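Engineer: The following block contains a protein sequence and its predicted model.
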Amino acid sequence: MNIRQAKQSDASRISEMIVSNFRKNFFPIFKNEEFYFGELNVFDVAREYIDNEEILQNTYVYDDGVIKGVIRLNKDEIVKLYVEPHFQGEKIGSKLLSFATSDKGAKWLWVLEQNERGIKFYKKNGFDFTGERMIEDDWIPLKKMSIN
């Protein structure tokens, strides 16, 4: 299997994928240039993984010689799932999701309400809405999805 626990040396690659995906997927929704092209940066995201051993212990990467995807868990919650945009469509996200649910017991996640592409992906992989909703940071609408 090409999925393994993340190491500190993976932090910069993980952060590149997260920043790229945030800009590609969420900037068109929120149009916040100050955040997506100012505050959000690879260095600070990498530091989160380097400085927090617990986060690193709950993060797994898809690595076939190049790290192409990342998934982070918190007990049975999927906290983050990102695939390098250049490698999307190669089933890497589905493999990471299957690993999380089958091997690690992950059961649920929060998805951005306007993230139609993400919602379609999760539904295709056996997740559906629970009916629960929340507002993160006082303005980001999220919906809870769980594995069927």
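Structural biologist: Yep, it's here. On a predicted model such as this, the values are computed, not experimentally measured, just so you know.

Engineer: all contacts plus neighbour counts: C-alpha atoms, from now on.
Structural biologist: Will do.

Engineer: Look at residue 130 and tell me its secondary structure.
Structural biologist: With DSSP: H, G, I helix; E, B strand; the rest coil as the basis, the three-state label of residue 130 is strand.

Engineer: Over to the one 4 residues further on?
Structural biologist: Here residue 134 is recorded as strand under three-state DSSP.

Engineer: give the contact list for it.
Structural biologist: 141, 142, 143 (Cα atoms under 8 Å, 6 or more residues apart in numbering).

Engineer: switch to 6 Å and redo it
Structural biologist: Residue 134 makes contact with residue 142, according to Cα atoms under 6 Å, 6 or more residues apart in numbering.

Engineer: now swap in residue 33 and tell me
Structural biologist: Listed by Cα under 6 Å, 6+ apart, residue 33 has no contact partners.

Engineer: and residue 34, how many neighbours does it have?
Structural biologist: Other residues within reach of residue 34 by the criterion other Cα atoms under 10 Å amount to 9.

Engineer: so it sits in a strand?
Structural biologist: No. If the criterion is three-state DSSP, then residue 34 is helix and not within a strand.

Engineer: How confident is the prediction for it, by pLDDT?
Structural biologist: Looking at residue 34, its pLDDT stands at 92.

Engineer: how much space is there between it and residue 21?
Structural biologist: For residue 34, the distance to residue 21 equals 16 Å [Cα to Cα, to the nearest Å].

Engineer: got it, and residue 125?
Structural biologist: Separation of residue 125 from residue 21 (Cα to Cα) stands at 20 Å.
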